[in-house]
Structures are given as structure tokens and as C-alpha cells.
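Enquirer: Model the following, please.
(chains A and B)
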Amino acid sequence: MTVFCLVEVDGGGVVDASLRALTLARGVAAQAGDGLAAVVFGEPPADDLAAYGVDDVYAVSGIDGYAPQAWGRALAALADGASAVVAAGTDRGNEVLAHVGAITGLPMAANCVAVSAGSGGSFEIVRQRWAGLLLEEAVLDAPMALLTAATDAGTAAPADAPGSAVVHQVAASLTDGDLAVRAAEAPAGAGGASLASARVVVGGGRGVGGADGFGPLDELASLLGGVVGVSRVVTSEGWRPHTQQVGQTGTKITPDLYLACGISGAIQHIAGCAGAKHIIAINTDPAAPMMARADYAVVGDLHAVIPALVEALRDRPSRAG
Amino acid sequence: MDVLVCVKRVPTVGGAITVSADGLSVDTRMSGFTISPHEECAVEEAVRLVERFGGSVTVVTLGPAEAEEQLRSCLALGASAAVLLETPAGAEFGPAATAEALHSVAADGGFDLVLLGNEAADTGDYQVGIRLAHLLGRPVATGIKALTVDDEGTSAAARREYRGVAETYTLPLPCVLTVREGINLPRYPSLPGRLRAKRAVISRVPVSSVAGAALRTTALQTTALRTTALRVPAAARREATVLGHGVDAVPALVSVLAELGVLS
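Expert: Presented below is the predicted three-dimensional model:
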């Protein structure tokens, strides 16, 4: 049998969330003694897929651009008889797999952080609830497990031994109406997408005080090659657009550094930034929950600390060269 | 235009989530209850459409008797009718069963548009709207953060952003859309709205009595994903090193940034 993994690609190759999904799928395949196959809508980056242990690559043609139900239909047809189908827990991954679930009548478990394949179509899974604030342990009984991999948990690790990544060109066979809903794509302004993949995020919360208080944060973000993210109160007040919200109802971030300024740290916000490798918190209140979640804390007013930090970074000798 | 909005009663979580003694549910003894921000926005979007086109907003929830509270909140925001698909105490409905139960209401009402939140705040299954759309045989788009309906009320342009790309989906009505917070800024309930909501009659339907082909599948009796335990992840808490107070901490802060490799 085979474990199938839906792989999303962009100009830079396989997207990070899909590398995590491939890693999870490879683990399931190894436990079940199955092969690993990747499904790509578009040009398959075969070398990347080989490095992640993929044996077979199905490159699907006949669908122009992103059409969620058509992708789901094609994936369901390809994976017919598979032991599991895995996708990244992205907007697209969750959406396409939900279509597969509806088409096949099978259950789907979203945002898994761990999966182990037992015998006879029984899977033990751990998945995120409450955007990751709570973990659910569950048993999934299904002839074919439909799973998405959480985007801010687990790791993306290449295989010990590369796969052969043999590419098969396949044409999607679709049903009437599958292509009725499709994405017309246009470049978006800076926003949620760069936030989700940024290496550095400078966060601003209620402590920023108003829409006109973000100047130093914008400047710091630009000095660090990062972007600004905000807490829910900031978007509810209309200080910043919702595309910049970090949290359960905004964007989940996975930067190397999250610098949280004037953010108290409601758990809905923590849900969005728990995937950060390092957190620095700046807050006037040493007892703020954000401070307890941070690796480093500065007790102080961001309106004094951030401008001073910006100045110090501008004056660094190494920047002159 | 007749719009159906599906909502879910969930606990209001403030500082922490606590698991009940049996490890199978969230301890809600100290919680209030609410609907998710996505769903508040779905109700607001529906009310705005009906203000423009005329028609009605019906809210439906699958939940315990107490979920009446959430339906009345939606009525206070401008919904015109409410249906409670009442579940037995303690019953859990998985996403497939939830979609089937909602279908019993959505299929009969002649709705032009069915709105849901992109995902439930608590279980985060990311699939009820899509399953419902398939049961209805209607087109669906998810995660929508901007919606434009044409003047004839026959076509919807639904937008979201994905990885730096603005995606626009054009759907004929009737259709199903799941929406995200950010699509609008919901209004606060007005005093007349609250009074109307208090007096409104809520249609209560025991979910066990909802007949029809859609409910014959086993999905309604059982979920195929069986929860064995809930737990709060352990790694959430970090040990913070205090770098200092106020601007005096800046040199230490710069050193840490250098150490973390984020300075170019």
C-alpha cells in the first residue's frame, strides 16, 4: 500500500508546511511498511521530493491554477486504495482534504502533530484543538486515513535514504462542477502571507497605544529584515489591518524570533506565536503572561525601549560596512 | 435574500484551558460561553446583506439546550430567526455528523447563502462547511475575508489571501461560504435588538427527531475519530531571562539579537 502526500509548491520549491507534511507522511509510511507518493499540481521539484524519501511523484495536469474541489477530486481518485492521504494544515491543505473527506465519506483529522499507524486501518493520532492550545489524542478508524499536518509543530527533516521520485504525468478526471470554484490570483499587498513565513516578527499590542504609535516598530522590523504583527485588540480597534493579526483567528507564525512589544499575551495570541523559535517580550508589567512565555524579557515601556534599540542598531559599526 | 448562518457554542477561554477530571472535555465550570470571532463576523455579514437586499437571516446551532444563549446573542445583532438543533447532554458530534444535522435545516429553507466560520474555535476541524456544501450540492469557498455580492444578488466574489497572493473566487448563488475574522468589524448589539432577542421564539428541534435520508448514515450516531484524551501541551511555558529594565536593557538586547543571528 501507499501513503499519499499532497505537496504544495511555489517559486522556491516545496513550501515549508508541505515539507513538514512529507516528514509526517514518511513516518506513517515507514510504520505501515508502505511506499510514499507525492501529488503535485504543477511542475514537481523531483530532487526535493527525492530528498524527503518520495518514491513516486504524480504530477497532475488538466487543472489550470487552484480549484479546491477539483484538486480534491483528483487526489481522491489517485489515492483510491491508499492507507493514508496527508496534506499540510494550510488553508489549501485543509480545504482540499476536507473535499476528499466529503467525496469519499471518510473522516478527516486536521492539524495532526503526531500519527502512528497501528494494524488494520487504525491510527493513533495527536492533533491540535484550540489552534494548538489543547492537544487531542484520538483513534482514527478508517480504511484510508485523511490527515493534515500542523504548520507550526513538528519538524521538516529529509529522509536518511533518498527516494527514487519517479515522476508520473497524470490527467485529472473531473466531475461536472468540480471546476466551478477556482481561484483568480493577483499579487496581494504585504500582509498575512509574509507574516506566516517571516524570519523575524516584531509584535505590537495594546501597549502601542494607537495607530500612530507603530512608527518605531515598523522601523525596527525593517532593520531586522522582518515584518510587524499585532494582537487582536490592535485589529479590533482598527489600528492595523487584520492581515497583520497574530493569533488563533489571525495568522500562525513560525519565525526564528518574535519580539512582542506591549502585548499582554492572551492565550488566543499565544496560539499564534507558540511556533516561534525564540521570543523576546517587552512589557511594563513583569507579570504579563507574555513575559512568562518568553525566552528573554525586558521590563519597560516600549515607547522608550524600541526607539533606543532602533538607534543602537543603526549605530552598530558592522552596519557601516 | 435569505441567509443561513451556522454557529457553535464554545467556552470563553481567558487565561488558560483546563481539562476536566476524566480527561475528555474542557473544564467549563468557571467559563462563560460564546461563539467564535469568525462566526460573529458571519452573522454581521449576513445582517449587512439583508439590510441591502431585504430578506431574512436565520441562525442555526447544533448544541445543548444552553446554546439558546448564543442564538439570542445573534438575534440581538440582527438575525430574524433562530433554530436550535438540540443535542442530548454530553453528546459529541463530529464534523460529518454536524454537517448532516445542519443539512436538515439548510436543505429546507431555500437559502441563497449559507455562512459558517472557517473553523470552530474549540475542535478546529476545518471541514464542516465543505461537507455541508457537498450534501447540498452547492459550490463552496472557505477562509473568506472579503465578500462582494452583485446588485442582482445572483453572484458572489469571495476573496482571501494565500501566501502573498490575493485569491478571488466567483460563485453563483446559492452557495456556501466559510468566513474569517477581518471580513468586517461586527457591530455591538443595540438596545432594541436585545429586547427583540429576549422575546423572540426560538425553534427547538431535538436532533434525534430530524428525519430523512441525510441522517441515515452512521455518522450521526458515532464519530469515526474517537477522542481518548485531551491535554495541554507541556512545552508552552518558557523560562524568561530578564535582560533588564527600560532603556538600560538595550545593550543586552542587542547582544541577544546578535546571538540569535537576526542582525545583518
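
Enquirer: Show me what the host helix or strand of residue B:133 is packed up against.
Expert: Using DSSP states H and E, the element containing residue B:133 is helix B:128-136. Applying 3 or more CB pairs under 8 Å, 6 or more residues apart in numbering or on different chains; DSSP states H and E, one finds that helix B:128-136 contacts helix A:91-104, strand B:2-7, helix B:95-106, strand B:113-117, strand B:140-144, strand B:175-179. Bear in mind the C-beta positions are built from the backbone N, C-alpha and C, glycine included.

Enquirer: One more pass at 6 Å, please.
Expert: helix A:91-104, helix B:95-106, strand B:175-179 (3 or more CB pairs under 6 Å, 6 or more residues apart in numbering or on different chains; DSSP states H and E).

Enquirer: burial count for residue B:193?
Expert: The tally of other residues near residue B:193 (other CB atoms under 10 Å in any protein chain shown) stands at 18.

Enquirer: Show me the one of the helices and strands packed on helix B:128-136 that comes nearest residue B:51.
Expert: strand B:175-179 (17.0 Å; CB to CB).

Enquirer: Now do the buried residues in that closest one.
Expert: B:175, B:176, B:177, B:178, B:179 (16 or more other CB atoms under 10 Å in any protein chain shown).

Enquirer: ok, the first one touching residue B:138?
Expert: What that stands for is residue B:175. Yes - here residue B:175 reaches residue B:138: they are 5.3 Å apart, a contact under CB atoms under 6 Å.

Enquirer: Nearest approach to residue A:123 belongs to which of the helices and strands packed on helix B:128-136?
Expert: Among those, helix A:91-104 comes nearest to residue A:123, with 14.4 Å by CB to CB.

Enquirer: I figured residue B:180 hits residue B:147, correct?
Expert: No - look at residue B:180 against residue B:147 with CB under 6 Å: they stay out of range, at 10.8 Å.

Enquirer: List the contacts of the residue positioned nearest the centre of chain B.
Expert: Among the residues of chain B, residue B:117 comes closest to the average C-alpha position under CA atoms, centre = their mean, at 3.4 Å. Residue B:117 sits next to B:36, B:38, B:39, B:42 when contact means CB atoms under 6 Å, 6 or more residues apart in numbering or on different chains.

Enquirer: Now do the same contact list for the first one.
Expert: Read it as residue B:36. Counted by CB under 6 Å, 6+ apart, residue B:36 has contacts B:117, B:121.

Enquirer: Next, find the distance separating it from residue A:252.
Expert: Note on residue B:36: its distance to residue A:252, by CB to CB, to the nearest Å, is 16 Å.

Enquirer: before we move on, what about the third one?
Expert: Computed as CB to CB, the residue B:39 to residue A:252 distance reads 19 Å.

Enquirer: quick one: which of the two has more around it?
Expert: Each of residue B:39 and residue A:252 has its neighbours counted (other CB under 10 Å); residue B:39 has more, 29 against 24.

Enquirer: Pull up the gap between that one and residue A:236, please.
Expert: Applying CB to CB, the value for residue B:39 to residue A:236 is 15 Å.

Enquirer: pLDDT wise, what is the residue nearest to residue A:233 when sequence neighbours are not counted at?
Expert: Distances taken as CB to CB, 6 or more residues apart in numbering or on different chains place residue A:206 nearest to residue A:233, at 4.9 Å, with adjacent residues excluded. At residue A:206, the predicted lDDT confidence score is 97.

Enquirer: Equivalent analysis for residue B:55, please.
Expert: 98.

Enquirer: Looks like it contacts residue B:1 (just checking).
Expert: Yes - Residue B:55 lies in contact with residue B:1 (CB under 6 Å); the separation is 4.0 Å.

Enquirer: how close does residue A:274 sit to chain B?
Expert: 6 Å (CB to the nearest CB, to the nearest Å).

Enquirer: how about the longest strand seen in chain A: buried residues?
Expert: If you go by DSSP state E, chain A has its longest strand at strand A:108-117. For strand A:108-117, a neighbour-count test (16+ other CB under 10 Å) marks A:108, A:109, A:110, A:111, A:112, A:113, A:114, A:115, A:117 as buried.

Enquirer: got the contact list for the third one?
Expert: Applying CB under 6 Å, 6+ apart, one finds that residue A:110 lies in contact with A:94, A:148, B:125, B:126.

Enquirer: Residue A:85: how many residues sit nearby?
Expert: Other residues within reach of residue A:85 by the criterion other CB under 10 Å amount to 29.
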